[in-house]
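*Asks:* Build me a model:
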Amino acid sequence: MRRPWRRNPPPWPDDTALTLIHLINPFGCAWDRRENEDNADLFRNFIYRAPPYPENAAYDEIAAFLNLVFFDGPVRVDQDRALADFAARAGHDELQRIMAIGTHRHRKGIKFNGDGSTWSRDVFDTIVDGWLSGARRMVVIDVHTGFGPPGAGLIMTYDPPAAPERRRLARWLGDLHQVGGGQSRLAVHRRMPYHGIADRLPGAAVTVVAPEFGTDGVSKLDVNLVREENYIHNHGDPSAPVSRRIRARMRARYYVETPDWKEAVIARGLEIFDRTKAGLAAWARAPMDEFPR
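*Replies:* Just a heads-up that it's a prediction; the model follows:
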């Protein structure tokens, strides 16, 4: 089988640079979680780093039984029963929607958005202000896993159909997946995390390419897994045997340890990268006012 990454790509143009930025979450990487050392979900913290924070009154109402304080015992039984009753009344999709919006009030809760800037965001801003400050046109490839068919690499967009950024993405990459188009488990935010780059570089035009590589193809969130994963890091011992099993399940939710999945991600990832690179080259030759930011 030919490995798709064994190739000799053409060199970059002299006026183009490639900057690789890790997700800047060493704590989360060490413990197989997306949250950082403050229990902040960095995807949301990059969007909601400063007031006004989005209100989520429904989260406040269910926080007492959504967020576990004991792994087992009578309190856990009562919390599970209350959550099941709420899901039966409101529906599982509504429960997922409430969780996905997140919270700024419950620091040890699921989907804590943070209540200010984080170390990770400050490091990212330093990179933007330094390494990226000279760019006039920029493409950010923001890679995610979890949603969609296994290894498929959907191109996600938050932009409305008439937005120039969306039209540009469609020209480069074809079909787009509209976030908020009735798909469960995906929250609708006011922007993507890396749209903040344009805020720091007012003279630059920024396009965000957000591929989402599916894992198990399941559209429903495993609520109890998320609750238990949050518990072991905020109230329990994440190194205990039961915690290691929970961490392994959470890791598997976002990273599939099979050759077929890895081959599919690499092949699709290189396709997205090559098509984006070609789109950037064509965009760079166009007048700035032809593609408004």
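*Asks:* can you give me the helices for the chain?
*Replies:* 26-30, 42-47, 57-66, 74-90, 92-101, 119-130, 164-173, 196-200, 223-234, 241-254, 259-284 (DSSP state H).
*Asks:* and of those helices, who's closest to Pro211?
*Replies:* helix 259-284 (5.3 Å; Cβ to Cβ). (Each C-beta comes from the backbone N, C-alpha and C, glycine too.)
*Asks:* Which strands and helices lie in contact with the closest one?
*Replies:* For helix 259-284, the elements it packs on are strand 137-141, strand 144-150, helix 164-173, strand 205-214, judged by 3 or more Cβ pairs under 8 Å, 6 or more residues apart in numbering; DSSP states H and E.
*Asks:* Now with 10 Å, please.
*Replies:* strand 137-141, strand 144-150, strand 154-157, helix 164-173, strand 205-214 (3 or more Cβ pairs under 10 Å, 6 or more residues apart in numbering; DSSP states H and E).
*Asks:* so Phe71 makes contact with Glu229?
*Replies:* No: in this structure, Phe71 is not within contact of Glu229 by Cβ atoms under 10 Å, at 11.3 Å.
*Asks:* These two - which one has more neighbours?
*Replies:* Glu229 (25 against 18; other Cβ atoms under 10 Å).
*Asks:* Setting aside sequence neighbours, what's the nearest residue to the more buried one?
*Replies:* Closest residue to Glu229 apart from its sequence neighbours, by Cβ to Cβ, 6 or more residues apart in numbering: Met250 at 4.9 Å.
*Asks:* what's the burial count for that neighbour?
*Replies:* 21.
*Asks:* That one is in contact with Arg33, isn't it?
*Replies:* Yes: using Cβ under 10 Å as the test, Met250 is close enough to Arg33 to be in contact (6.6 Å).
*Asks:* hey, what's in contact with both of these two?
*Replies:* Counting by Cβ atoms under 10 Å, 6 or more residues apart in numbering, the shared contacts of Met250 and Arg33 are Glu229, Asn230, Ile232.
*Asks:* quick check, nearest of those residues to Ala264?
*Replies:* For the shared contacts of Met250 and Arg33, the nearest to Ala264 is Glu229 (26.0 Å; Cβ to Cβ).
*Asks:* what's the distance between Leu173 and Glu271?
*Replies:* 9 Å (Cβ to Cβ, to the nearest Å).
*Asks:* What count of nearby residues applies to the nearest residue to Arg249 once chain neighbours are set aside?
*Replies:* Nearest residue to Arg249 in three dimensions, chain neighbours excluded: Leu225, at 5.9 Å (Cβ to Cβ, 6+ apart). Neighbours of Leu225 under the rule other Cβ under 10 Å: 13.
*Asks:* who are the neighbours in contact with the closest residue to Ile127 other than its chain neighbours?
*Replies:* Nearest residue to Ile127, sequence neighbours excluded (Cβ to Cβ, 6+ apart): Ile21, at 6.1 Å. By Cβ under 10 Å, 6+ apart, Ile21 lies in contact with Val123, Phe124, Ile127, Val128, Trp131, Leu132, Val140, Asp142, Tyr194.
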